[in-house]
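Fold the stuff below for me.
(2 chains)
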Amino acid sequence: MKIEITMTVNGETVRETVEPRLSLADFLRDRLGLTATHLGCEMGACGACLVLLGGKAVHSCLTLAAQADGEVIETLEGLNERGVIADLQAAFHDRNALQCGYCTPGMIVTAHALLADNHTPGRHEIRDALSGNYCRCTGYEAIVDAIEATAVQRMGEAAE
Amino acid sequence: MTAFPDTQAHIGQAHRRQNALRHIAGRGRFVTDIVLPRMVHAAFVRSPLAHGRIVGLDVEAALRAPGIIKVFTAAELNPTCTPWTGTLDHFARMTSIAQNILADDVVLWAGQPVVMVIARSRAEAEDACELVVLDIEDDEPVVDGALALQADAVIAAPGLSSNLCYGTVLETAGVDRAFAEAAHVVEAEFVFGRHTAVTLEPRAIIADFDASTGQLTVHQGTQTPYQFQDVYARHFGLNEGQVRVIAPDVGGSFGMKLHVYHEEMGAVAASKLLGRPVRFVADRLEAFLSDIHARDHKVTARMAVASDGRITAMEVDDLTQVGAFSSYPRTSAVEGNQVIRLMGGPYAMPDYRGRLSVVFQNKVQTSQYRAVGHPIACAVTEVLVDRAAEALELDPFDMRARNVVADNAYPHVSATGYQFEKLSHEACLTRLREIMDYDSLRAEQAALRKQGIHRGIGIAPFVEITNPGAAFYGVGGARISAQDGAIVKLTPAGDVQCMISVTEQGQGTETIIAQVVADQLGVAPDRVKVITGDTDTTPSGGATWACRGAGIGGETALRAGRKLRDQILALAGQILQADPGGLALSGGNVIDAVTGAPRMALAEIGRIATYRPDTLPRGSDNSLTAVHHFAPGGYPFDFTNGVQASYVEVDVETGLVKLLKHWVVEDCGRIINPLLVDEQIRGGVVQGLGAAFFEECLYDDAGQLTNGSLADYLVPMAGEMPDIEIAHVETPTLDTILGAKGVGEAGTAAAGAAAMNAVNDALRPFAARISQTPMTPVRILQALGHI
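I've put the predicted structure just below:
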């Protein structure tokens, strides 16, 4: 049995026929070629597969493609192209807040969602927000620094 | 000779990584992202038991499953590949059984591949695996290394006469006398848990054999493409030139992705038989069941000290527990070998005896993982140094200051035989004391004790093996390159490319190589494109392991860059009718070496050499490409050194440990890029802290891994990790022009030792001690006698 689904992905409408068991992560990667979304554990523990569904960060490995029928999905590719995370990306680059890059899309989605909710997160709050994002390379400090720097810069711009 | 020295501004600068831009834009390209025409997917039926004999195997139902292309058993797959055996000639009397792709008779660990299913999708391959009927008659598994050496022990694999893989003893003449004459002897027993790499991208391979040409192209997430080119050529009967291995972006490696695995050999074999691309990507459970594990030591150790605090000797017995066979081609014995040789490394201790027993058991293979052996040797040494300081009523800093080899006493040979060119333990200790404000911390600790808050401070000096020469593997017969190669070229438009054998897994290899080459050619690093990870387009070399990328790869790039500089200057001299000795390269130009005045642009050299060579004087060499290979030829290793400190708070009611702060002072010689060096250290520290507090592959008595998921196996996450403050001492090695030593393993080497000393310092008022990793809450409560 296959089912037809329609959703908006990174601003484009897509209509596909899928098996009910297909995960949103596999759908994005294998059907749409959106390979920024990564798979690390396939059980919602590592955060590599985080995407925005209706503006909220969700694990695309735990979400079925069928569940996203009618929804608005945004991946790192979409955030990148919309230009809404340019400052966050620049902060990650400046601070070297990534090494192998495999966790990075999930980290940026988490950071984007955090900064949308909380404009002035402290270091502990940032570390808490990242508690579902596993990174084996950096030791996290540079990622915390990059997110903190972005928040500070945005507050400065908002005050001007 | 010139006002514009060779070493210009870029070495030593915190250049950002160009290749990071792709990842933050979502344009990383990992093996898991690659899709090839006609590609098929592999899944494996694995042994559910740790030890047994296959008595029945029925694949008929699987063959009829939807999407199935092929179901391979050992009988069909193994003959395509010659067996592999993980021993090294310089480890005397080392033994291991040979391996092949699929189990054909006996199974030796729970998770060993028995059947390989190839299907149109991974999901269909997994569905078909469920339909395979595998009947195994179980044997008693070997699950404890100490019991495995008893005379009546079950033998872990057929063909072995005992479970001893390798044993050796290292000793000096005076060790017994040192213990007999000691003012104090302190001793401890240690257990270091088995853990694993948990790279966020699991192992991934696409093997693509083209039967029409006999060419094998392998896309593989690995640190060592050249090593795998050699392995695939030899074991599959291909010429080396027929094998191309490409490592694109690699989602973490840390030593884990440079070993030979049954599944990768299976992908190559299946592709050869099917003539189409075969993809295998481990899922997380498969990663836990089949990636190499690391550590798994039981250590008994004692230390002799004189009444003035001098450490006079150590005696150490290390039991390294490996799998049912030794890994290939680097073996499972290097870890233990380094454990017994790194003991007491920072200290002027004259006498030593180390015994090593590497023991087989029915678990997944263990092998080299970041900081091979270092965390074990460092923790054993430093815990004993703290206990000796306690016995002598000396402050831990004072105890170490009395024992480290003095900074002016080099070169020095350790009691275990390591040769140290020049280390800086005294300077590092002094600097650490400053940056952590040690005296204030001690005062804070004492004040908080009165409030029932138990904090602890631990320090741990260390040495780290870097820049290894051929003594590591080559002399033992392993075809693992001790040298690296680089091609540097000036393009017709005046840009620079460097194709080099060292590889990138995010540590910044390509960035530092660009910086080094840029300084030789007087251009900006962003104008140097560095190309790595492809055996068809880069020279052969050892690639990236044992902290050799910066020290050996950097020196290779430097020397290749200087060759090209000399070629460019010779050509410029002919064009300008000037003495090349009076010219230099700077700012993208050939300049007058004395005045600095630009004479001609590099782009102009490129243009003339490429499009108008007819205008050059007859017989002139218009080559704008230089190649150089470099092998370390000085000391057997260039040791990095340093000292770490950990500040923790132990909740004595719950056993939970809060990591408050961590400090590292290290000396990796010439620092090419301080931003990247610091982030290597931070990442390494956190890997060390993971092993110290969280990570352990838990097995039951039947040899079953019981926590093979990221919900059950705990990795360090952002919320638990401390901020890490770093300072440097810079003592360049004189073995090379560049003077760089490795740094990638320094963090991991001593973080756990510092943390263990910190926890024990916090527990001191309770006369409780812990000497087992990970230091879980339960173990801390047991040490406290609460449970």
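
pull the helix or strand with minimum mean pLDDT from chain B.
Across the helices and strands of chain B, mean confidence by mean pLDDT, DSSP states H and E is lowest for helix B:145-148: a mean of 94.

which parts of the stretch 251-400 of chain B sit against chain A?
Contacts of the stretch 251-400 of chain B with chain A, taken as CB under 8 Å from any CB of the partner chain, map to B:251-254, B:283-284. In this view, the C-beta of every residue, glycine as well, is placed from N, C-alpha and C.

Which secondary structure state does residue B:173 sit in?
coil (DSSP: H, G, I helix; E, B strand; the rest coil).

who are the neighbours in contact with it?
Contacts for residue B:173 (CB atoms under 8 Å, 6 or more residues apart in numbering or on different chains) come out as residue B:351.

That one and residue B:415, how far apart?
Separation of residue B:173 from residue B:415 (CB to CB, to the nearest Å): 11 Å.

got it, and residue B:109?
37 Å.

likewise residue B:381?
Residue B:381 sits at a distance of 12 Å from residue B:415 (criterion: CB to CB).

Which neighbours do the two have in common?
Shared contacts of residue B:381 and residue B:415 (CB under 8 Å, 6+ apart): B:314, B:344.

Which stretches in chain A count as helices?
A:24-26, A:76-82, A:86-94, A:104-117, A:123-129, A:141-159 (DSSP state H).

Any residue of the last one touching chain B?
Translated: helix A:141-159. Yes - if you take CB under 8 Å from any CB as the test, helix A:141-159 does meet chain B, through A:141-144.

quick one on the thing from earlier: please produce JSON lines containing the residues of the stretch 251-400 of chain B next to chain A, extended by pLDDT, neighbour count and secondary structure.
Below are these laid out as JSON lines (pLDDT from 0 to 100; neighbours: other CB atoms under 10 Å in any protein chain shown; DSSP: H, G, I helix; E, B strand; the rest coil):
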{"residue": "B:251", "pLDDT": "98", "neighbour count": "28", "secondary structure": "coil"}
{"residue": "B:252", "pLDDT": "97", "neighbour count": "25", "secondary structure": "coil"}
{"residue": "B:253", "pLDDT": "97", "neighbour count": "28", "secondary structure": "coil"}
{"residue": "B:254", "pLDDT": "97", "neighbour count": "27", "secondary structure": "coil"}
{"residue": "B:283", "pLDDT": "97", "neighbour count": "16", "secondary structure": "coil"}
{"residue": "B:284", "pLDDT": "98", "neighbour count": "22", "secondary structure": "helix"}
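
quick check: domain ranges of chain B?
Using automatic domain parsing, the domain ranges for chain B come out as B:20-28+B:483-630, B:34-139+B:198-290, B:293-417+B:424-469+B:634-783.

Quick check, pLDDT for the nearest residue to residue B:501 once chain neighbours are set aside.
In space, and not counting its chain neighbours, residue B:501 is closest to residue B:541: 2.6 Å by CB to CB, 6 or more residues apart in numbering or on different chains. pLDDT for residue B:541: 95.

Next: residue B:8.
For residue B:8, pLDDT reads 64.

Could you pull out the strands in the stretch 1-150 of chain B for me?
All strands of the stretch 1-150 of chain B, identified by DSSP state E, counting those that start in this stretch, fall at B:40-46, B:52-58, B:68-72, B:106-107, B:113-119, B:133-138.

Out of the ones you listed, flag the one nearest chain A.
Chain A lies closest, by CB to the nearest CB, to one member of the strands of the stretch 1-150 of chain B: strand B:40-46, at 10.8 Å.

Touching the closest one from outside, list them.
Strand B:40-46 is contacted by residues B:69, B:110-122, B:124-126, B:128-129, B:132, B:134, B:263, B:266-267, B:270, B:274, B:276-280, B:286, B:289-290 when judged by CB under 8 Å, 6+ apart.

Write a ChimeraX command that selects only the buried members of the residues you listed.
Those of these that count as buried under 16 or more other CB atoms under 10 Å in any protein chain shown are selected in ChimeraX with:
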select /B:69,110,111,112,113,114,115,116,117,118,119,121,122,124,125,126,128,129,132,134,263,266,267,270,274,276,277,278,279,280,286,289,290
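
Flag the shaky bits of chain B, pLDDT-wise.
Scanning chain B for pLDDT under 70 picks out the ranges B:1-8.

now do 90
B:1-9, B:469-475, B:618-620 (pLDDT under 90).

just to revisit the earlier point, considering the residues of helix A:141-159 next to chain B, which possesses the most neighbours?
In terms of neighbours by other CB atoms under 10 Å in any protein chain shown, those top out with residue A:143 at 28 neighbours.

OK, contacts around that residue?
Here residue A:143 is in contact with A:92, A:95, A:97-98, A:107, A:111, A:130, A:135, B:718 (CB under 8 Å, 6+ apart).

do you know how far residue B:587 is from residue B:13?
Taking CB to CB, one finds residue B:587 at 16 Å from residue B:13.

In three-state terms, label residue B:688 for me.
Residue B:688 is classified as helix under three-state DSSP.

Could you tell me how many residues sit around the residue nearest to it when sequence neighbours are not counted?
Counting by CB to CB, 6+ apart, residue B:688 lies nearest to residue B:751, which is 2.9 Å off, once chain neighbours are set aside. Burial of residue B:751 is recorded as 33 neighbouring residues (other CB under 10 Å).

Export the helix or strand residue B:751 falls within to PDB, keeping only CA atoms.
Residue B:751 belongs to helix B:746-763 when assigned by DSSP states H and E. What follows is helix B:746-763, C-alpha atoms only, in PDB (Å, rounded to 0.1, in the frame of the first residue of the first chain):
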ATOM      1  CA  ALA B 746      46.400  15.400  23.800                       C
ATOM      2  CA  GLY B 747      43.000  16.200  25.300                       C
ATOM      3  CA  THR B 748      41.900  12.600  25.500                       C
ATOM      4  CA  ALA B 749      45.300  11.500  26.900                       C
ATOM      5  CA  ALA B 750      45.000  13.100  30.300                       C
ATOM      6  CA  ALA B 751      41.400  14.400  30.800                       C
ATOM      7  CA  GLY B 752      40.300  11.200  32.500                       C
ATOM      8  CA  ALA B 753      43.300  11.000  34.800                       C
ATOM      9  CA  ALA B 754      42.800  14.600  35.900                       C
ATOM     10  CA  ALA B 755      39.100  13.900  36.500                       C
ATOM     11  CA  MET B 756      39.800  10.700  38.500                       C
ATOM     12  CA  ASN B 757      42.200  12.600  40.700                       C
ATOM     13  CA  ALA B 758      39.600  15.400  41.200                       C
ATOM     14  CA  VAL B 759      36.900  12.900  42.200                       C
ATOM     15  CA  ASN B 760      39.300  11.200  44.600                       C
ATOM     16  CA  ASP B 761      40.300  14.600  46.000                       C
ATOM     17  CA  ALA B 762      36.600  15.400  46.600                       C
ATOM     18  CA  LEU B 763      36.200  12.000  48.300                       C
END
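
tell me the contacts of residue A:20?
A:1-3, A:64, A:66.

try it again with 7 Å
A:1, A:3, A:64, A:66 (CB atoms under 7 Å, 6 or more residues apart in numbering or on different chains).

now swap in residue B:677 and tell me
Contacts of residue B:677 were listed using CB under 7 Å, 6+ apart, and they are B:668, B:671, B:743.

I'd guess it is in a helix, am I close?
Yes - under three-state DSSP, residue B:677 sits within a helix.

Ends of stretch B:579-592, what's the gap?
One end of stretch B:579-592 sits 10 Å from the other (CA to CA, to the nearest Å).

Which residues does that stretch contact?
With contacts defined as CB under 7 Å, 6+ apart, stretch B:579-592 is touched by B:2, B:4, B:494, B:521-523, B:565, B:568-570, B:572-573, B:593-594, B:597-602, B:605.
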